[in-house]
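> my questions concern the predicted model and sequence given below.
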Number of protein chains: 2
Amino acid sequence: MTHTPLTRSEAKELTRRRLIRAALAILDKEGEAGLTTLKVAKAAGIAQSTFYVHFKDKQDLLRSLGDEGGERLRRSMREVRRQARESHDAERHREAFRIPIEAICRHPELLRILQRARHDPASPLREFAVETAAAYRDHHAADLAELGYTADDEHDRRRLEMIAEGVNAATNALALGHLEGRYPDVEEVLDVLVALSNGALRLLKSGA
Amino acid sequence: MTHTPLTRSEAKELTRRRLIRAALAILDKEGEAGLTTLKVAKAAGIAQSTFYVHFKDKQDLLRSLGDEGGERLRRSMREVRRQARESHDAERHREAFRIPIEAICRHPELLRILQRARHDPASPLREFAVETAAAYRDHHAADLAELGYTADDEHDRRRLEMIAEGVNAATNALALGHLEGRYPDVEEVLDVLVALSNGALRLLKSGA
DNA sequence: AATTTCACCGATAGTACTATCGGTGAAATT
DNA sequence: AATTTCACCGATAGTACTATCGGTGAAATT
């Protein structure tokens, strides 16, 4: 109950965090069209004009959201790798799908915002969204390589990339379907993703 | 070279078509944020105020775009079915992927607009995008059922839906990747999609 | 031929938002 | 204790856009 006396910079940082949180919530609920400095500031409990104490302009806020999101995503990718190493080989492939799905369910607004930005040529977040998608694809491809699906020639390398991209797209789609309540059982979702992935990987095995 | 004399209603319809075309192009290039009555009217060669002769307001334009897109999509789905029936059983599954990919490559702006709208809670096209996605999923699921992958119990029906949704997501992702130049060979894309799909369908076969 | 309709126009009122500016008081520094 | 800094405020100029309105001339109707 005691108000810890904050220094000025601590208080400012706190306000900044509130602004970023508010912006993410508004972006998720109302989209980029609904993201105004007035709404963000109001939701964070400050005057509209004070927004500009924290960000140069709206672009600057969106850039910060990108950094923010990137930080979370990188953390989550590291987590995937860590947990993947801990699980037995048999489970490993399956668990590699569980972790991103859980991450999506924890912060679905991030995926939704990224998906939108990726296809919106006017979005200041677009470049970031495209880069993130590429990072995930490469990450997944590297994971598969670790599982023994090495690609020696150009052809197989591209196949591996396609499989990674396709399976990622399916993972995102099914995770959102799970959140929407259409696929209530995560285990069933994992069954399908593992089956999709294994089917495609057989392509590489037969080629090797 | 002879200017066919158009009746008033013919000229009006022509202007309306130009507005819709212009709107689609702007939506694709600049996103919903860039879609203003001034830009659309200018691109169609009329005054901004004349926009309101053709549409009640901006919402009305977007609704019309939805109808327009829906019409194209339904035509393309009928085409898939028709061509699928014509091909031999062995090719059938593979060709079922070629047709949507070609459709996407012909009008990539439609897919991009729909993908964006699907994840944008403020978009007037959102409901339409969600319905379209569901229609495609069901369409694909029905296709698979026609190929002999019948689902008797609740469990398998849901699996079939998940496979359809996952494979659709992968198809869209790879089609856009192809358009972006990352996967130049459509046949390689088809290889991967067929492999993904077959892998997942083995789940159903083993269950039956 | 006279009259009506209507697709189009330019001008403009109204709205929503961005970003700036001068001011204030409490925190930080001297 | 005196001075400086700065996170915040309210007011407001500027911008971009939506939607309306009265007017016009050619097409359509009488």
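Arrived safely.
> in chain A, which spans are helices?
Along chain A, counting by DSSP state H, helices occupy A:8-30, A:37-44, A:51-54, A:58-86, A:89-106, A:108-118, A:126-146, A:154-179, A:186-207.
> closest to DNA strand D out of these?
With respect to DNA strand D, and counting by C-beta to the nearest atom of the strand, the nearest of the helices of chain A is helix A:8-30 at 3.7 Å. From N, CA and C alone the C-beta is placed, and that goes for glycine too.
> quick one: buried residues of that closest one?
If you call a residue buried by 16 or more other C-beta atoms under 10 Å in any protein chain shown, then helix A:8-30 has these buried ones: A:T15, A:R16, A:R18, A:L19, A:I20, A:A22, A:A23, A:L24, A:I26, A:L27, A:D28.
> once you drop chain neighbours, what's closest to the residue in chain A that chain B sits nearest to?
Here chain A gets closest to chain B at one residue, A:G199, 1.0 Å apart by C-beta to the nearest C-beta. Using C-beta to C-beta, 6 or more residues apart in numbering or on different chains and skipping residues adjacent in sequence, the residue nearest A:G199 is B:G199, 1.0 Å away.
> likewise for A:L24?
In space, not counting the residues next to it along the chain, A:L24 is nearest to A:E109; the distance is 5.9 Å by C-beta to C-beta, 6+ apart.
> shaky segments in chain A?
Where chain A drops to pLDDT under 70, the residues are A:1-4, A:206-208.
> domain assignment for it?
Chain A breaks down into these structural domains: A:1-55, A:66-207 (assignment by automatic domain parsing).
> with distance to B:R92 added, can I get those in TSV?
Rendered in TSV, the data for the domains of chain A read as follows (distance: least, C-beta to C-beta, whole Å):
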stretch	distance to B:R92
domain A:1-55	40
domain A:66-207	17
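> can you say which of these is packed in most?
domain A:66-207 (a mean of 18; mean count of other C-beta atoms under 10 Å in any protein chain shown).
> roughly how far is that domain from the heart of the chain?
Centre-to-centre, domain A:66-207 and its host chain are 10 Å apart (C-alpha atoms, centre = their mean, to the nearest Å).
> can it be found next to DNA strand D?
No - counting by C-beta under 7 Å from any atom of the strand, DNA strand D is not contacted by domain A:66-207; separation bottoms out at 10.6 Å.
> give the contact list for the residue nearest to A:L24.
Contacts for A:E109 were tallied using C-beta atoms under 8 Å, 6 or more residues apart in numbering or on different chains; they are A:L24, A:A25, A:L27, A:D28.
> returning to that earlier point: in this structure the residue nearest to A:G199 contacts A:L193, no?
No - at 10.3 Å, B:G199 and A:L193 do not qualify as touching, with contact defined as C-beta atoms under 8 Å.
> what does chain A have sitting close to DNA strand C?
By the rule C-beta under 7 Å from any atom of the strand, the part of chain A lying against DNA strand C is A:5, A:7-9, A:35-38, A:48-49, A:52, A:57-59.
> go again with 10 Å.
Neighbours of DNA strand C within chain A, by C-beta under 10 Å from any atom of the strand: A:3, A:5-12, A:30, A:32-41, A:47-53, A:55-61.
> out of those residues, who's near chain B?
Among those, the ones lying near chain B by C-beta under 8 Å from any C-beta of the partner chain are A:E30, A:E32, A:A33, A:G34.
> the residues you listed: which two are farthest apart?
Spanning the widest gap among these are A:E30 and A:E32, at 8.5 Å by C-beta to C-beta.
> any idea how far stretch A:43-53 is from the chain center?
Stretch A:43-53 has its C-alpha centroid displaced from the chain centroid by 27 Å (C-alpha atoms, centre = their mean).
> can it be said to contact DNA strand D?
Yes - judged by C-beta under 10 Å from any atom of the strand, stretch A:43-53 comes into contact with DNA strand D through A:A44, A:G45, A:I46, A:A47, A:Q48, A:S49, A:T50, A:F51, A:Y52, A:V53.
> could I have that stretch exported to CSV, CA atoms only?
Output of stretch A:43-53 as CSV, limited to C-alpha atoms (Å, rounded to 0.1, in the frame of the first residue of the first chain):
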residue,chain,number,x,y,z
ALA,A,43,-5.7,4.3,-22.0
ALA,A,44,-2.3,5.0,-20.4
GLY,A,45,-3.8,7.7,-18.2
ILE,A,46,-2.0,10.8,-19.6
ALA,A,47,-2.8,13.7,-21.8
GLN,A,48,-2.7,13.3,-25.6
SER,A,49,0.1,15.9,-25.9
THR,A,50,2.3,14.0,-23.4
PHE,A,51,2.4,11.1,-25.8
TYR,A,52,5.1,13.2,-27.6
VAL,A,53,7.3,13.3,-24.5
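> quick check, A:D143 in contact with A:A96.
Yes - here A:D143 reaches A:A96: they are 5.9 Å apart, a contact under C-beta under 8 Å.
> find residues that contact each of these two.
Residues touching both A:D143 and A:A96 comprise A:V80, A:A84, with contact defined as C-beta under 8 Å, 6+ apart.
> distance of A:L190 relative to A:E13?
For A:L190, the distance to A:E13 (C-beta to C-beta, to the nearest Å) stands at 39 Å.
> to clarify, my last question referred to A:H155.
According to C-beta to C-beta, A:H155 stands 51 Å off from A:E13.
> still on that earlier bit, who wins for proximity to B:E161 among the helices of chain A?
Judged by C-beta to C-beta, the one of the helices of chain A that comes nearest to B:E161 is helix A:154-179, at 8.4 Å.
> relative to helix B:126-146, how tilted is that closest one?
Helix A:154-179 and helix B:126-146 meet at an angle of 110 degrees, taking axes from the mean of the first three to the mean of the last three C-alpha atoms, to 10 degrees as the criterion.
> close to chain B, is helix A:154-179?
Yes - contact between helix A:154-179 and chain B, assessed by C-beta under 8 Å from any C-beta, occurs at A:155, A:158-159, A:161-163, A:165-170, A:172-174, A:177.
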